[in-house]
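**Student:** return atomic coordinates for the entry below.
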Amino acid sequence: MKHKIIGKQHNSKLCFVCGLKNKFGIHAHFYITEKKELVALFTPKDEHQSYPGRLHGGIASAILDETIGRAILNLYDVEIWGVTIELNVKFKKPIPLNQELKVVGRITSENSRMFEGTGEIILSTGDVAVTAEGKYLKVPLEKITDFDKDENEWKIVHLENEPKEIDV
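**Tutor:** All right, here's what the predicted structure looks like:
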């Protein structure tokens with residue numbers, strides 16, 4: 001099913017998941033759909049493997065955690081950040097390297113202090129490889145860390161062939 005892209009989220013300099021200058025990172029880009037779901041696109045490289053030719057399960061968990069946790073940013077005009085309380089991951093299929101992957105995250109419930117969400121990693125074949133459920137605490141960024149947006153290059157970075165819709 002095609003989902004219309006209505007926006008894009010920020011990248012940073014050194015985050016393992018979204019940091020565009022982290023030479024070991026996965027360099028994910030995050031797109032907001034019309035349903036307020038978040039879709040991350042990334043292509044795992046050889047540096048991200050566990051068994052030869054397969055994505056490490058910890059990295060699969062990290063991208064799911066980031067995508068679900070970031071999905072809360074789609075719902076508010078102010079930046080509300082998710083701090084992970086619990087993440088449950090189920091591995092269903094091996095994930096190959098050097099193929100673009102889609103990671104979908106959505107908020108399933110929330111209250112004033114917490115939210116819950118689900119997500120999945122989708123292979124280029126359309127098969128679901130990994131699923132996750134998470135619980136997060138809503139925290140303003142200034143209470144998490146001293147974060148200088150300019151120093152950390154926290155900005156929306158557009159690509160040459162930015163998708164207008166994503167098939168999920």
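**Student:** switch to C-alpha atoms for all contacts and neighbour counts from now on
**Tutor:** Fine.
**Student:** could I get the full set of helices for the chain?
**Tutor:** Ranges of helices in the chain, per DSSP state H, are 57-71, 141-144.
**Student:** so in the chain, where's the weakest helix or strand by average pLDDT?
**Tutor:** Lowest mean confidence among the helices and strands of the chain (mean pLDDT, DSSP states H and E): helix 141-144, at a mean of 83.
**Student:** tell me which other helices or strands that helix touches.
**Tutor:** Packed against helix 141-144 by the contact rule (3 or more C-alpha pairs under 8 Å, 6 or more residues apart in numbering; DSSP states H and E) you find no helix or strand.
**Student:** contacts for it next, please.
**Tutor:** Contact partners of helix 141-144, identified using C-alpha atoms under 8 Å, 6 or more residues apart in numbering, comprise E79, I80, W81, F147.
**Student:** and the second one, backbone torsions?
**Tutor:** By that I understand I80. Here is the backbone geometry of I80 (degrees, to the nearest 10): phi -110, psi 120.
**Student:** for the residue sitting furthest away from the middle of the chain, what are its contacts?
**Tutor:** Distance from the C-alpha centroid of the chain peaks at P52, with 23.9 Å (C-alpha atoms, centre = their mean). Listed by C-alpha under 8 Å, 6+ apart, P52 has no contact partners.
**Student:** kindly report the same for the one 10 residues further on.
**Tutor:** When contacts are counted by C-alpha under 8 Å, 6+ apart, A62 is found next to V17.
**Student:** and if you look at K135?
**Tutor:** For K135, the contacting residues are T84, I85, E86, L87, M114, F115, E116, G117, by C-alpha under 8 Å, 6+ apart.
**Student:** wait, isn't the fifth one in contact with T108?
**Tutor:** Read it as M114. No - the criterion here is C-alpha atoms under 8 Å, and M114 misses it with T108 at 11.2 Å.
**Student:** neighbour-wise, which of the two wins?
**Tutor:** Neighbour totals were compared for M114 and T108, and M114 leads with 16 against 12 (other C-alpha atoms under 10 Å).
**Student:** ignoring the adjacent residues along the chain, who's closest to that one?
**Tutor:** Sequence neighbours aside, L137 is the residue nearest to M114 in space, at 4.5 Å (criterion: C-alpha to C-alpha, 6 or more residues apart in numbering).
**Student:** for D127, see how far away the residue nearest the centre of the chain is.
**Tutor:** Centroid-nearest residue in the chain, with C-alpha atoms, centre = their mean: T67, separated by 2.6 Å. According to C-alpha to C-alpha, to the nearest Å, T67 stands 18 Å off from D127.
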